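**Student:** sequence first, predicted model second:
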Amino acid sequence: MKEKSRAVYKNVEEVKSYKELQQRGKNRFGTNIAYKFKKDYTAKEPEYIQKTYKEVVDDVKAVGTKLLDLKMQGQKIILIGKNSYNWCVSYLAITTSGMVVAPLDVALPDNEIETLVKRSGAEAIIFDEKFAELAKKMKKENKKIKTLISMQDIKDKEIKIFSEILKQGNELIEKGNDEYEKVEVDPEKMSIMLFTSGTTNLPKIVMLSQKNICSDINALAQYVRLHETDTLLSFLPIHHTFESTITFLFGFYNGTTVAFCDGLRYIQKNLKEYKVSVFVAVPLVLETMYKKIQNTIEAQGKTKLINTMIKISNGLLKLHIDVRRKLFKKVLDSLGGNLRIMLYGAAPMNKEKTDMDQVRRTAYCLLYTDLTLYPDTPGIASHPFTNSNLVGLPTEDGGMSILNIGEDEKALAAWRDTVSDAITRAKSPQTIYFMLHPSYALTFLKLAGEFMSDKDFSVILGEAWVNAENANEDKNVSRREQIRMFKRADPVHLM
């Protein structure tokens, strides 16, 4: 039987490539404001700049035309910079001109950036001016890099600047250059190269096609309805697929306005001044905002009143009467007064209850990973549930049988069956944690943590950090992932 579609909105207009996405934006929302930002947010009276959909597509075409004129078609291009209009135009110009974009995190240390640039095989770097010296150093040491482009105006003979690239591209178009229009990008070929922390400290390369990203956009359109009157605030790192897909590309698909945030400490201020109606965030940001609102309510002695209003509101909603914006006007006003939707992703929200079925499934997967043996050190093995190839299993007469699971397949199967039964009987994630070899404790948390309550997660993290030998050297969990674990953990249950 064919599975029934759970889509909320049917018959959405699908896009298959970024050029289709651009053309759709220009045709349907040409005069709408696509981007809004300050020329200099530190100025006392900042100048606001607005770009329409037509201007965006025209700028992308101009930059793409010049990049092609520089013989960059087919090249991999590093893109590193803060969320900005020039970043978005560069991203689209690269990907619609038959090149591969490799966005990097601006927070990476220089040595990591150098390593990733080498691994990418990039021949050009487009960057914020703060990376100018590093870019020149990399070009000098890496003969493959031929082109450096700063997204801000700087004076350096070795570096081209974005504004000149844009200007020269427009001049080429005026003279009849149509090389950009001739480029046909295969939507199924790699167009985006991402670096992500995998199961080791060495970042993995993820190859994405335009079809991959457009499939996400098409799927989102079936569940989330954004209006061309909506404004989104771009503040999450734009090199991440979550921010670039939702705010940047899905926002473009819907004809919305994207405003660039002045910085994390200015989020509340920017929500008000840009009249943001759609807020895209990660759980940590939303939880921090929620706690501040709760603390304010408690400080004003209005907790009981608010709880009563919530009950009334929920009761009226069952009758299809929505008075939430009136009842909670002061709360909404503190967030700018225009919020309509909050979208979150990239991590789970705080949980109050552990999903043991999912935790068990994760443990089963770990159990059936390969057993690694070390010929030079007999008896030693590496596996999430044991550090030896010699294991003891109970016998029917109440005794213990020692089996060599490294040499005997039947013994290995019997051992796995025994451990599997114990996992099935486990009533808490802590029980499974104590079955594991300590060196895999953080690996278990990394894989199963999203299914655990905050209390269970925090308790196990505290235990693992104290009991595991060199816990912070777990090869399956990067330092960044460890930091994220501690940020999520509840200090009350951690120690």
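**Tutor:** Right, received. Where do you want to start? Residues are numbered from 1 along each chain as shown.

**Student:** give me the below-cutoff pLDDT ranges for the protein.
**Tutor:** 1-6, 197-201, 346-351, 468-474, 495 (pLDDT under 70).

**Student:** go again using 80 as the cut-off
**Tutor:** 1-8, 196-203, 283-284, 287-288, 290-291, 346-352, 396-398, 466-476, 479, 493-495 (pLDDT under 80).

**Student:** let me know the outermost residue of it.
**Tutor:** Ranked by distance from the centre of the chain (CA atoms, centre = their mean), the top residue is D397, with 54.2 Å.

**Student:** report the separation between that residue and V282.
**Tutor:** 56 Å (CB to CB, to the nearest Å). From N, CA and C alone the C-beta is placed, and that goes for glycine too.

**Student:** you'd agree L317 is in a helix?
**Tutor:** Yes - using DSSP: H, G, I helix; E, B strand; the rest coil, the assignment for L317 is a helix.

**Student:** quick one: it from E123, how far?
**Tutor:** 56 Å.

**Student:** check V492 too.
**Tutor:** Relative to E123, and taking CB to CB, V492 is found at 52 Å.

**Student:** where exactly do the helices run in the stretch 351-495 of the chain?
**Tutor:** Using DSSP state H, counting those that start in this stretch, the helices assigned to the stretch 351-495 of the chain run over residues 356-367, 409-425, 429-433, 441-448, 454-467, 479-488, 491-494.

**Student:** which strands or helices does the fourth one pack on?
**Tutor:** Contacting helix 441-448 under the criterion 3 or more CB pairs under 8 Å, 6 or more residues apart in numbering; DSSP states H and E are the following elements: helix 356-367, helix 429-433, helix 454-467, helix 479-488.

**Student:** try 6 Å this time
**Tutor:** helix 356-367 (3 or more CB pairs under 6 Å, 6 or more residues apart in numbering; DSSP states H and E).

**Student:** and what of the longest one?
**Tutor:** Helix 409-425 makes packing contacts with helix 356-367 when contacts are defined by 3+ CB pairs under 6 Å, 6+ apart.

**Student:** the helix it packs on vs helix 409-425, what angle?
**Tutor:** Put simply, helix 356-367 runs at 160 degrees to helix 409-425, going by axes from the mean of the first three to the mean of the last three CA atoms, to 10 degrees.

**Student:** okay, buried residues for helix 356-367 please.
**Tutor:** For helix 356-367, the buried set under the neighbour-count rule, 16 or more other CB atoms under 10 Å, comprises M356, V359, R360, T362, A363, L366, L367.

**Student:** swap in stretch 309-326?
**Tutor:** So for stretch 309-326, counting by 16+ other CB under 10 Å, buried means S313, R324.

**Student:** try stretch 484-495
**Tutor:** R484, M485, R488, A489, H493, L494.

**Student:** quick check: the fourth one touching L461?
**Tutor:** So the one you mean is A489. Yes - with contacts counted by CB atoms under 6 Å, A489 reaches L461, the gap being 5.2 Å.

**Student:** before we move on, back to that, as a markdown table, the buried residues of helix 356-367 with distance to R324 would be great.
**Tutor:** Formatted as a markdown table, those follow (distance: CB to CB, whole Å):
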| residue | distance to R324 |
| --- | --- |
| M356 | 34 |
| V359 | 35 |
| R360 | 39 |
| T362 | 37 |
| A363 | 41 |
| L366 | 44 |
| L367 | 47 |
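
**Student:** show me the contacts for G345.
**Tutor:** Counting by CB atoms under 6 Å, 6 or more residues apart in numbering, G345 touches F242.

**Student:** got the buried residues of stretch 484-495 as TSV, with distance to T147 columns?
**Tutor:** What follows is the buried residues of stretch 484-495, written out as TSV (distance: CB to CB, whole Å):
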residue	distance to T147
R484	35
M485	40
R488	41
A489	45
H493	52
L494	49
